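Novice: here is my input, please return the structure:
(chains A and B)
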Amino acid sequence: MLNVIPPAFILLAGTLLLAVLPQRARAFAFPVFPALALAQLLQLPDGVLLTMPYAGWELVLLDADRLSRVFGTIFALIAFLGGIYGFHLKDRGQQVAAMLYASGVLGVVFAGDWFTLLVFWEIMGVGSLVLIWSRRTAAAGGAGMRYMLVHFTGGSLLLAGILGKLAATGDLSIGLLSVDEWYHWLMMLGVALNAAVPPLHPWLPDAYPRGTVTGSVFMSAFTTKTALYVLARAFAGWDVLYYGGIVMALWGVTYAILANDIRRILSYHIVSQVGYMVTAVGIGTEFALNGATAHAFSHILYKALLFMGTGAVLQATGRSKMTELGGLLPQLKWVFVLYMVAAFSISGAPLTNGFISKSMVIAAAGEAHHYAAVLLLLLASVGTFLSVGLKLPAGTWFGAKPADITVQPLPRNMYVGMGITAFLCILYGVWPTLLYNQLPTPVDYAPYSIAHLVEIANILVLTFVAYWIFRKKLAPHDAVALDVDFLYRKPAPLVRTVTVMGTNRVFAGFERATLWMASALAGLARNPAPALQSLLIGRKSANRREYNADDARPRLQYVMGLVLLVFVLGAYLGLR
Amino acid sequence: MEKNAPTPQGEKKMKQTWIALGLVTAIALAAQLLDPHEPHYPWDFVGFYVLFGLVGCIVLIVVAKTWGKLIERPTDYYGGDDRSM
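Specialist: Down below sits the predicted model:
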């Protein structure tokens, strides 16, 4: 009986309950549901466990295997940790939205057919959108609107592909898709948009820095990695993903160097890190897919921790731009320490979970003889440590402190949430088999080799050296770095003028014409005299407001004269 | 960041940091020299990653900053949306 309850339904129940619970109870209830979902999904056996007939199809609501279980585990875990980090929240909308978002994620992971997947896919979009808008700033409003439009487009691409597949094959089941069918490409594009593969990525660094403190923690963990899961399941071995992933890894790193907002730096490093996973999916070997899965698992932990740390800075100071931050070490020392655990993890330093997973992806590329990928991904690692490990903490916790900055004390639960996440980053780093045993296929890989330790030690130290040389050149400044979203954000006013304003003007013109005609007719019906007068005696005089008898007199003279003439003529002719 | 002038303690700490980093690099190079493993990659020679880390990082900084010169705009470029986060 327990085996047929989809974990997503547990979180959906939580969503409904959070919507009605009073404020005090909501904070306690939030982490309970992800914990229950985690316990539930860990004991699910392999195979199709729950189906539902719908419009002639058998929808598969629950289909578990090793891949879905490991992704489900980390998603439920991070929802739980996010609940602790956000324990102080009083905003019902955010709590409900976050739980709905998480239920969408688990729904996608355990969906056994494309239709079920699409439904949960859209639920994710709605939940995350509310987390952006909950920030309640003008910038968040605009970014949320763009996020919505972009994700609707992505969802539509996915739907169009699914319908194409359905029409051609009549089959909705999720499995590996071939590159030969056009509708598979539409599906891939829809999923790649959520995975933030360039040029479909700019929604991410646009929206994530604008989300709420807690909301961005959830977003950093959920959307891209859910898409990665779908890529791994259905699009493994697609060459376009291999190349796209490498572009992602370097694109994110380059833009992060230019970014000023600390959460935007991290957002670009989501693009970069997911690039490693997408490359691995594109390689498509068993080892590479294990690497992608392991790296997604690690990435979710350290990236959530990075967003927790920068979110804590934002919560305490109300600021997130490096040009307005600095010298916070005395007040936010523990935030710095916990942040650095995550920063070393994302940089792949030994004893952290980044070390044991990123190296798997790179080793998988090497094993498949993709040497260019090995070097380019290592180069992305250099950029990661440069921005996330050096530049961001230097600009936030070190240097001169702005005179006008005030630091509010942080809720203790934020430290607890960060502490547990940091503990897990280190736990998996020193005990990799804990993660390797959960991966889809058996792993024969030892990350702690001398060659690998030498490699990462050299790279990290020399990155620091280069940073030190160029530290003044790298000083943050406030600017907009144009990304691909330039293509739809800059012409937006023009498009708006043509489509919205233009249409408005046409409609307004017709409306004015109609009203004018109606009022003219109404006037005519009420008092036809002026109109008749204007017909009879000329427009000019009829338009006068007051009736002036003298106006008619000249013309009347002729009429009267004519009448008199007729009389005179008649009299003369009659008398004759 | 060099927002404030370096203090004597800061300079001492920096010196210690450089010594520590130098030691790490030296140990790593020694380990690479003594490690009897089969070469994995065509570039498997001692000191490659020292070169790679330094040159790679400088290349990234130069490329990003050059790219930035081309594509950076004032913060009100999108109609003021980016001034407040």
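
Novice: show me what from the stretch 401-550 of chain A comes close to chain B.
Specialist: By Cβ under 8 Å from any Cβ of the partner chain, the residues of the stretch 401-550 of chain A that approach chain B are A:449-451, A:453-455, A:457-467, A:469-475, A:478-482, A:489-490, A:493. Quick note: C-beta positions are derived from backbone N, CA and C, even for glycine.

Novice: counting only helices, which of those make the cut?
Specialist: A:450-451, A:453-455, A:457-467, A:469, A:489, A:493 (DSSP state H).

Novice: please spell out the ChimeraX selection for the buried subset of these.
Specialist: Selecting only the buried entries of these in ChimeraX, with 16 or more other Cβ atoms under 10 Å in any protein chain shown as the criterion:
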select /A:451,453,454,455,457,458,459,460,461,462,463,464,465,466,467,489
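
Novice: ok and the residue in chain A nearest chain B?
Specialist: A:Leu462 (2.9 Å; Cβ to the nearest Cβ).

Novice: just give the nearest non-adjacent residue to that residue, would you?
Specialist: If the residues on either side of it in the chain are set aside, A:Leu462 comes closest to B:Gly53, at 2.9 Å by Cβ to Cβ, 6 or more residues apart in numbering or on different chains.

Novice: what about that neighbour, distance to A:Asp444?
Specialist: Distance, B:Gly53 to A:Asp444, using Cβ to Cβ, to the nearest Å: 29 Å.

Novice: who's in contact with the residue of chain A closest to chain B?
Specialist: When contacts are counted by Cβ atoms under 8 Å, 6 or more residues apart in numbering or on different chains, A:Leu462 touches B:25, B:49-50, B:52-54, B:57.

Novice: want to try CSV for those, with distance to A:Ser134 as columns?
Specialist: Listed next are the contacts of A:Leu462 as CSV, based on distance: Cβ to Cβ, whole Å:
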residue, distance to A:Ser134
B:Thr25, 47
B:Tyr49, 45
B:Val50, 47
B:Phe52, 44
B:Gly53, 41
B:Leu54, 44
B:Cys57, 38
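
Novice: these in helices, which ones?
Specialist: Counted as lying in helices by DSSP H, out of those, are B:25, B:49-50, B:52-54, B:57.

Novice: for stretch A:386-406, what is the average pLDDT?
Specialist: Mean pLDDT, computed over stretch A:386-406, is 95.

Novice: again, but for stretch A:294-310
Specialist: Averaging pLDDT along stretch A:294-310 yields 98.

Novice: now do stretch A:367-380
Specialist: Per-residue pLDDT values across stretch A:367-380 average out to 95.

Novice: show me what that stretch is in contact with.
Specialist: With Cβ under 8 Å, 6+ apart, stretch A:367-380 has contacts from A:242, A:246, A:249-250, A:252-253, A:272, A:275-276, A:279, A:283, A:285, A:287-288, A:361-362, A:365-366, A:455, A:459, B:41-43, B:52, B:56, B:59-60.

Novice: okay, buried residues for that stretch please.
Specialist: Across stretch A:367-380, burial judged by 16+ other Cβ under 10 Å covers A:367-368, A:370, A:373-380.

Novice: quick one: low-confidence ranges for chain B?
Specialist: Within chain B, the ranges that satisfy pLDDT under 70 run B:1-6, B:80-85.

Novice: contact partners for the residue in it that chain A sits nearest to?
Specialist: Chain B approaches chain A most closely through B:Gly53 (2.9 Å), counting by Cβ to the nearest Cβ. Residues in contact with B:Gly53, defined by Cβ under 8 Å, 6+ apart, are A:382, A:458-463, A:465-466.

Novice: including distance to A:Leu59, could the residues you listed go into TSV?
Specialist: Output for the contacts of B:Gly53, formatted as TSV (distance: Cβ to Cβ, whole Å):
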residue	distance to A:Leu59
A:Val382	46
A:Asn458	53
A:Ile459	48
A:Leu460	49
A:Val461	54
A:Leu462	54
A:Thr463	50
A:Val465	57
A:Ala466	54
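
Novice: so what's the residue count around A:Pro199?
Specialist: Other residues near A:Pro199 number 13, with proximity taken as other Cβ atoms under 10 Å in any protein chain shown.

Novice: next one: A:Leu427
Specialist: 15.

Novice: for it, which non-adjacent residue is spatially closest?
Specialist: Distances taken as Cβ to Cβ, 6+ apart place A:Leu434 nearest to A:Leu427, at 7.0 Å, with adjacent residues excluded.

Novice: cool, and A:Arg146?
Specialist: Counting by Cβ to Cβ, 6+ apart, A:Arg146 lies nearest to A:Asp206, which is 6.1 Å off, once chain neighbours are set aside.

Novice: what sits against the residue nearest in space to the middle of chain B?
Specialist: For chain B, the residue nearest the mean C-alpha position is B:Cys57 (5.1 Å; Cα atoms, centre = their mean). Neighbouring residues of B:Cys57 by Cβ under 8 Å, 6+ apart: A:382-383, A:386, A:462-463, A:465-467.

Novice: can we see that at 6 Å?
Specialist: B:Cys57 makes contact with A:382, A:386, A:463, A:466, according to Cβ atoms under 6 Å, 6 or more residues apart in numbering or on different chains.

Novice: test my guess that the third one contacts A:Thr384.
Specialist: No - taking Cβ atoms under 6 Å as the definition, A:Thr463 is not a contact partner of A:Thr384, at 9.0 Å.

Novice: what parts of chain A come near chain B?
Specialist: Contact residues (Cβ under 6 Å from any Cβ of the partner chain) of chain A with chain B: A:139, A:142, A:254, A:257-258, A:261, A:320, A:326, A:379, A:382-383, A:386, A:394-395, A:398-400, A:450-451, A:454-455, A:457-459, A:461-463, A:466, A:470, A:478-482, A:489.

Novice: gap between the closest residue to A:Pro476 other than its chain neighbours and A:Ser381?
Specialist: Using Cβ to Cβ, 6+ apart and skipping residues adjacent in sequence, the residue nearest A:Pro476 is A:Met322, 3.9 Å away. To A:Ser381, A:Met322 is 22 Å away according to Cβ to Cβ.

Novice: of these two, which one has the most company?
Specialist: A direct count of neighbours by other Cβ under 10 Å for A:Met322 and A:Ser381 places A:Ser381 higher, at 29 against 23.

Novice: what about that one, is that helix, strand or coil?
Specialist: Following DSSP: H, G, I helix; E, B strand; the rest coil, the label given to A:Ser381 is helix.

Novice: same check on A:Lys90?
Specialist: Going by three-state DSSP: A:Lys90 is coil.

Novice: which residue is the nearest non-sequential neighbour of it?
Specialist: A:Gln23 (5.7 Å).

Novice: looking at A:Ala520 now. What's its pLDDT?
Specialist: Reading off the confidence values, A:Ala520 has pLDDT 87.

Novice: got the buried residues for stretch A:382-394?
Specialist: By neighbour count, with 16+ other Cβ under 10 Å as the criterion, the buried positions of stretch A:382-394 are A:382-394.

Novice: could you tell me the end-to-end distance of that stretch?
Specialist: Distance between the boundary residues of stretch A:382-394 (Cα to Cα, to the nearest Å) amounts to 17 Å.
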